[in-house]
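S.K.: here is my input; please provide its structure:
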Amino acid sequence: MPMIKAADDVALHVKDSGRGKPVVLVHGWPLPGDMFEYQTLALLEAGYRVITYDRRGFGQSGHPASGYDYDTFADDLAAVLDGCDVRNATLVGFSMGGGEVARYLSRHGADRVAKAVLISSVVPYMLKDATNPDGVDGSVFEDMKDEIRKDRFDFLGTFAKQFYGVGLVSSPVSEKLLDWSFILAIMASPLATIRCVDAFAKTDFRPDLSAFTVPTLIIHGTADKTVPIAVAGRAAKAGMPNATLLEYDGEPHGLFATAPQRLNEDLIRFIA
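M.R.: Just a heads-up that it's a prediction; the model follows:
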């Protein structure tokens, strides 16, 4: 089932493999679902059904001019779960994808969901304001959008190095993986790339935390410069006292590629 139609008829590109317990992987920005290559392989080899999809505006999904808000993203995720007839799923949201998981649970409930995982997630709230004094200053996100408009290709190449902690992590990713990430990122529409900065930076998921009624695992790197752990992973844990937080010491944002073996083992242990 390569394409599923969203409520507004936008085509969502879906990959659905395996026959075991379903695991739905929701990707981050600015990559598509293929970013989960290490996790998909490990989960399939462990006997799970693995579903990935490209967010609207990214990868091989449709590139509309509208719908880049989390209510719509959550409805798109619902369309994928309904279209694939997924039940008792583990929802795994990376970075921006954590927001989809949060908003899906608050908007659609947990009838189809058994467990939830937030990896390097933007939940609960990124933007610095009077209610969130430890958040990220809004000028950071405005500068990102300006750089994308100026030279999206140069921005994506530079951003990837921070994303994977090049120069920080003792075992940084290869140049070829950086090249692969760049290729995946430029598949997105420029408009979606910009609009999603506002979505993940300015959406407040604090009211959604109470919807995490299923067992929840939070994983975050302590050296994450893209989504700082204090404002994200630790704040999410504070808002969900029954969740489990695993801190990966010294790991950057893109730990799905910098610490894949550890992440895969933790995911499989939690899902099992």
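S.K.: how far is the helix or strand containing residue 139 from where the chain is centred?
M.R.: If you go by DSSP states H and E, residue 139 is part of helix 138-163. Helix 138-163 sits 18 Å away from the centroid of its parent chain (C-alpha atoms, centre = their mean, to the nearest Å).
S.K.: quick one: mean pLDDT over that helix.
M.R.: Helix 138-163 carries an average pLDDT of 97.
S.K.: tell me which residues of that helix come out buried.
M.R.: Neighbour counts over helix 138-163 (16 or more other C-beta atoms under 10 Å) mark 141, 144-145, 148, 152, 155-157, 159-163 as buried. Bear in mind the C-beta positions are built from the backbone N, C-alpha and C, glycine included.
S.K.: ok, the closest residue to residue 31 other than its chain neighbours - how many residues close by?
M.R.: Leaving out its chain neighbours, the residue that sits closest to residue 31 by C-beta to C-beta, 6 or more residues apart in numbering is residue 184, at 5.0 Å. Neighbour count of residue 184, defined by other C-beta atoms under 10 Å: 22.
S.K.: ok, the one 4 residues further on next?
M.R.: Number of residues near residue 188 (other C-beta under 10 Å) recorded here: 24.
S.K.: tell me the contacts of it?
M.R.: 30, 32, 57, 58, 59, 63 (C-beta atoms under 8 Å, 6 or more residues apart in numbering).
S.K.: change it to 6 Å
M.R.: 30, 57, 58 (C-beta atoms under 6 Å, 6 or more residues apart in numbering).
S.K.: what ranges do the strands span in the chain?
M.R.: Using DSSP state E, the strands found in the chain span residues 3-5, 11-17, 22-26, 49-53, 89-94, 113-119, 216-221, 244-248.
S.K.: packing partners of the fourth one?
M.R.: What that stands for is strand 49-53. With contacts defined as 3 or more C-beta pairs under 6 Å, 6 or more residues apart in numbering; DSSP states H and E, the packing partners of strand 49-53 are strand 11-17, strand 22-26, helix 37-45.
S.K.: out of the ones you listed, which comes closest to residue 211?
M.R.: strand 22-26 (15.4 Å; C-beta to C-beta).
S.K.: which residues does the closest one contact?
M.R.: 36, 43, 48-52, 86, 89-93, 97, 100.
S.K.: and if you look at stretch 126-135?
M.R.: In contact with stretch 126-135 (C-beta under 6 Å, 6+ apart) are residues 125, 136, 137, 201, 202, 231.
S.K.: ok, and the closest non-adjacent residue to the fourth one?
M.R.: I take that to be residue 201. Leaving aside its chain neighbours, residue 201 sits nearest to residue 141 (4.3 Å; criterion: C-beta to C-beta, 6+ apart).
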